[in-house]
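> need the 3D shape of this:
(chains A and B)
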Amino acid sequence: MSKTSDKTSIEKFLSSLAGSKDVGLVIANNQIEYKNFAKILHDLGFHKSDNVTDILKVKKTYFTINQNTEKEVYDFVVQYPTGQIEIFDKKIMQSHIFSPNYKDSAVVLLVDQDHLNKLQAKGFNFLSASGPAYRS
Amino acid sequence: MNSPERQFNALTSDQDKSSNEIKKTTETVDELRPIIETETSISYLGVKLEKAEVRDSQFVPKREQYEDFINDKEVALSLQRDIAVAFLNGDPLLIEGGTSLGKTTTIRKMAAELGYEVYYVNLNGATDVEDLMGRFIPNSHQNKPEDPEYIFADGKVTSGLRQEEGKIKIIILDEFNSAAPNVLIRLHEVLDALERGGDVILSEDASESISVNKEKTKIVALMNPVGKGYLGREPLDPAQLRRWVYKKMPSELPVSTFSYSTDALFKAGPESQYITPDMFLKSREDALTLEQLSEIPGMREVLEKYKEFHKAAKELVKSRKIAEDQSQPFIYDDRMEPRRVRDFVLRFYNGDINETFQQALRYYYANKLESDVDRKKLEELIRLVEYKPKVADSKRRGVEREDKLSVGESISKHIEVAIEKLGKENVFGPKEIEKVFGVKIEDVPDIPFSVEELERAKNLNQMLILRVDKTAEGKPMSIKAMSDILDKKWKDEGRDCLLFLGEGFINWLDNDLFTKESPRAGWALVSKDVLPASLNKDYLEQTEVIIETLKEEVFKDLDIPEEYAEAITEFKDKKGRIVKSLRDIYRDVDQEFMRPYVGKEISELKINQLTRQTSAEAIYDLAVYYDINNKRLLADKWTWSVSWQRPSAFVLLGGFGGQGIMHKIWDPGNRATSLGVCLSRRL
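Numbering: from 1, shown residues only, chains lettered A, B, ... in the order given. Below you'll find the predicted structure:
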């Protein structure tokens, strides 16, 4: 499969996420593909979020996850379809409440297969918690 | 004086009652709406929850998020009803089911409608006790030296437990079976405090205690099934599970729900599903008191049967005859379940102790089971938890007492009175029954009808007949048994057989109706012909004719006996729902599965039980009259009996010609010019 066709198919996938009530999951087979996908996301206007509380600040956003990802990301993904998200900041012991605006929004998790396996083994079932998934 | 049962139904004065009854009929359609919202409350399938007084809070989900929520009946609506019951009773609810069922979304959607705050905790992974119960953190507002360096900050659970004026809070404990053991232990202390209505001591704060109130804080735990692709989940200890009202849901959406929801999302199907009446509960405005509970007729009998049921249900679980495939073990707790069932009855008693009790058992026992097969097994036991009023307990006074015949006079004297009023050809007592069936009756029961009633019976073209339920050999006096006895007897006498086609009768009739159903023993007044006004009417229309006849002829200018008054009220209450159910069955092939339920409900209506013959009784009555008088009744007409067989067809009998009595099995919506109903009453 050529890079061009890959890009086309992931573009289609990402464009289909607009307005979705679920978080999309993009799974890279290796680190090269991971970097390639990150670039495509960036080129398509997805803003990379470093913090869960930033995720809903822009319409199109993506979040990279790995085996060390904080639990709050999982909490976010699980709650995203439920109409309300409560993220608890343990340091200041306060909740942040969000109401996702699904219209035209798109939230994507980017992960490579190895890290996804490790997360699943820890009980963080991102495959079940997320909605549409893409892998090349 | 009203019976306690009647008093409970009559929450308003008698004067208000008639206007309420009128209102009730106009509300029938409304009552079948699954969710009814008013300014201050919402009813989920009849379970009414009050909205919070203070709803303006960031913790209250926004309603617009749930505009496209699909209220399918199988999962979403029944889940909302069960959540509403738990909220109303103050029970902590534990729901187990697959991720695709929308458990969290459903609770948040209800919270949005009710204005309840939601405190969500996901117990998967790194969640410790202090995250839930609170911890000391650096005081970011420390301005003066005397200000504390550290302050105690609530955790999510303590925030949900604190009572605030006008607010109602829901604590959601998601992925409950992924929680660390110490977290579970601490949460169970919270549950115990809520149950007691006491305080939660914050050991984390070393001093504070929080006063908790289950009216103000609702706790729902959610979990995915152990195994089945869900990693990191451990089965909970069944002993811990007893604190929760445990509801087992499917691991994935049932096929029909998936299909309906998908069609609804694409606007490709009907906007709403028909909600069957049996899905509704009806919460009371005011819960009964324990004193009122003990006064409910039949309570003691139902209670005894409940104890037997509980024991049997426990045994089924223990022996793995039910819930065999469920990965989460559970028990039916000896202390918790009876208390919950009692509280349910207090809140949901609807005037029918059998129905209310059985609903409670479905909620607290059957809901723990996943498979339909298991639920059916338990349902068989649930149906046995019922109170059957004994005919002998009737408050009706018999002929000798009401008409001042001397106490010592024998039954034969009473029969003479009956013969005097009705004519010899219309009274069939022990002598006649012995002649027809060869059954010698040792203890002849009293005739339960007054002279006045017998006189009216004459005008109504009725006969008085003593029915027996056993043959001379002590076997059930079934249709088959009658056929066996009379075919032989009549053949010797040069007469024809009892049944058209003889044994061929069974070809259309349910085997149990043919071989097991026997007449209800005792005296009965039976119309020798169908009620003229009942011809060409469907089954329920016929029942209306019966009621009209009772009011205008049988009991005209007399007090309607209590049993009949209750039966008529019940019919009025249920008729609207039944008619709608039948209409939906005829219109929508998907509603076919409802047929047995509707058929059973029609058959079990007290008015039909009191005033219609069973199929065995109809044949018995026709046979006795023919045997004694050598005249065939219903030669060119048919009477519709109360006997039904699956799916929802009722047995009609008649066409009693030279070849015997004929029968048909008809849907209750049918009509025919020769089909009516014979009035038959035992009280």
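
> who in chain B is up against chain A?
Residues of chain B found near chain A (C-beta under 8 Å from any C-beta of the partner chain) are B:58-59, B:61-62, B:65-66, B:99, B:102, B:104-105, B:108-109, B:112, B:118-122, B:124-127, B:131, B:134-135, B:137, B:140, B:153-156, B:159, B:174, B:178, B:229-233. Just so you know, the C-beta spots here come from the backbone N, C-alpha and C atoms, and that holds for glycine as well.

> and if we set it to 7 Å?
Residues of chain B lying close to chain A (C-beta under 7 Å from any C-beta of the partner chain) are B:58-59, B:61-62, B:65-66, B:99, B:104-105, B:108-109, B:118, B:120, B:122, B:124-126, B:131, B:134-135, B:137, B:153-156, B:174, B:178, B:230-232.

> quick check on the residues you listed: which are buried?
Buried members of these, scored by 16 or more other C-beta atoms under 10 Å in any protein chain shown, are B:59, B:61, B:65-66, B:99, B:104-105, B:108-109, B:118, B:120, B:122, B:124-125, B:131, B:134-135, B:137, B:153-156, B:174, B:178, B:230, B:232.

> and the strands in chain A?
For chain A, the strands defined by DSSP state E occupy A:24-28, A:47-48, A:60-64, A:85-89, A:94-98, A:106-112, A:133-135.

> could you dump those strands into a markdown table with distance to residue B:663 and mean neighbour count added?
Output for those, formatted as a markdown table (distance: least, C-beta to C-beta, whole Å; neighbours: other C-beta atoms under 10 Å in any protein chain shown):
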| stretch | distance to residue B:663 | mean neighbour count |
| --- | --- | --- |
| strand A:24-28 | 64 | 22 |
| strand A:47-48 | 77 | 14 |
| strand A:60-64 | 72 | 20 |
| strand A:85-89 | 65 | 20 |
| strand A:94-98 | 68 | 16 |
| strand A:106-112 | 67 | 23 |
| strand A:133-135 | 62 | 16 |
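
> got JSON lines for those, with mean pLDDT and distance to residue B:560 too?
Conversion of those to JSON lines gives the following (pLDDT from 0 to 100; distance: least, C-beta to C-beta, whole Å):
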{"stretch": "strand A:24-28", "mean pLDDT": "95", "distance to residue B:560": "69"}
{"stretch": "strand A:47-48", "mean pLDDT": "94", "distance to residue B:560": "77"}
{"stretch": "strand A:60-64", "mean pLDDT": "94", "distance to residue B:560": "73"}
{"stretch": "strand A:85-89", "mean pLDDT": "91", "distance to residue B:560": "60"}
{"stretch": "strand A:94-98", "mean pLDDT": "91", "distance to residue B:560": "61"}
{"stretch": "strand A:106-112", "mean pLDDT": "95", "distance to residue B:560": "68"}
{"stretch": "strand A:133-135", "mean pLDDT": "91", "distance to residue B:560": "69"}
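
> so which of those strands comes closest to residue B:592?
Evaluated over the strands of chain A, closeness to residue B:592 peaks at strand A:133-135, with 39.0 Å, by C-beta to C-beta.

> from the stretch 1-150 of chain B, which residue is nearest to chain A?
Of all residues in the stretch 1-150 of chain B, residue B:65 sits closest to chain A, with a separation of 3.3 Å (C-beta to the nearest C-beta).

> that residue and residue B:139, how far apart?
For residue B:65, the distance to residue B:139 (C-beta to C-beta, to the nearest Å) stands at 36 Å.

> please apply the same query to residue B:67.
Distance of residue B:67 to residue B:139, given as C-beta to C-beta: 43 Å.

> on that earlier part again, out of the buried ones among the residues of chain B next to chain A, which sit inside helices?
Using DSSP state H, the members of those that fall in helices are B:104-105, B:108-109, B:131, B:156.

> give me the most central residue, chain A.
Using C-alpha atoms, centre = their mean, the residue of chain A that lies closest to the mean C-alpha position is residue A:109, 1.8 Å off.

> buried sites along stretch A:11-21?
Of the residues in stretch A:11-21, those buried under the neighbour-count criterion (16+ other C-beta under 10 Å) are A:13-14, A:17, A:20.

> who's in contact with residue B:333?
Contacts were defined as C-beta atoms under 7 Å, 6 or more residues apart in numbering or on different chains; by that measure residue B:333 touches residue B:242.

> quick one: it is in a helix?
No - under DSSP: H, G, I helix; E, B strand; the rest coil, residue B:333 falls outside any helix and is assigned coil.

> contact partners for residue B:570?
Applying C-beta under 7 Å, 6+ apart, we find residue B:570 in contact with B:605-606.

> wait, the residue of the stretch 1-150 of chain B closest to chain A sits on residue A:81?
No - using C-beta atoms under 7 Å, residue B:65 is not in contact with residue A:81; the gap is 10.0 Å.

> so which residues of the stretch 201-350 of chain B form strands?
Remark: strands of the stretch 201-350 of chain B, listed N- to C-terminal, are B:209-211, B:217-223, B:245-248; assignment by DSSP state E, counting those that start in this stretch.

> who are the packing partners of the second one?
In this structure, strand B:217-223 makes packing contacts with strand B:93-96, helix B:103-114, strand B:169-174, helix B:181-196, judged by 3 or more C-beta pairs under 7 Å, 6 or more residues apart in numbering or on different chains; DSSP states H and E.

> gap between the two ends of stretch A:123-136?
Stretch A:123-136 has an end-to-end distance of 25 Å (C-alpha to C-alpha, to the nearest Å).

> what's around residue B:657, how many residues?
Residues within reach of residue B:657, counting by other C-beta atoms under 10 Å in any protein chain shown, total 14.

> do the same with residue B:411
Residue B:411: 18 surrounding residues under other C-beta under 10 Å.

> OK, contacts around it?
Counting by C-beta under 7 Å, 6+ apart, the residues that residue B:411 touches are B:444, B:446.

> ok and the residue in chain A nearest chain B?
Among the residues of chain A, residue A:123 lies nearest to chain B; the distance is 2.8 Å by C-beta to the nearest C-beta.

> read off the pLDDT value for that residue.
Looking at residue A:123, its pLDDT reads 83.

> so it is in contact with residue B:179, correct?
No - taking contact to mean C-beta under 7 Å, the distance of 11.0 Å between residue A:123 and residue B:179 leaves them out of contact.

> so for stretch B:94-112, first residue to last residue, what's the gap.
From the first residue to the last, stretch B:94-112 extends over 20 Å; the measure is C-alpha to C-alpha.

> if you count neighbours, what's buried in it?
The neighbour-count criterion (16+ other C-beta under 10 Å) identifies B:94-99, B:101-112 as the buried residues of stretch B:94-112.

> next one: that stretch to chain centre, how far?
The chain centre lies 26 Å from the centre of stretch B:94-112; the measure is C-alpha atoms, centre = their mean, to the nearest Å.

> ok, residues contacting that stretch?
With contacts defined as C-beta under 7 Å, 6+ apart, stretch B:94-112 is touched by A:79, A:81-84, A:128, B:60-63, B:65-66, B:69, B:75-76, B:79-80, B:83, B:118, B:170, B:172, B:174, B:176, B:220-225, B:244-253, B:328.

> buried among those? Need that as a selection in ChimeraX.
Entered in ChimeraX, the line below selects the buried ones among those, by 16+ other C-beta under 10 Å:
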select /A:79,81,82,83,84,128 /B:60,61,65,66,69,75,76,79,80,83,118,170,172,174,176,220,221,222,223,224,225,244,245,246,247,248,249,250,251,253,328
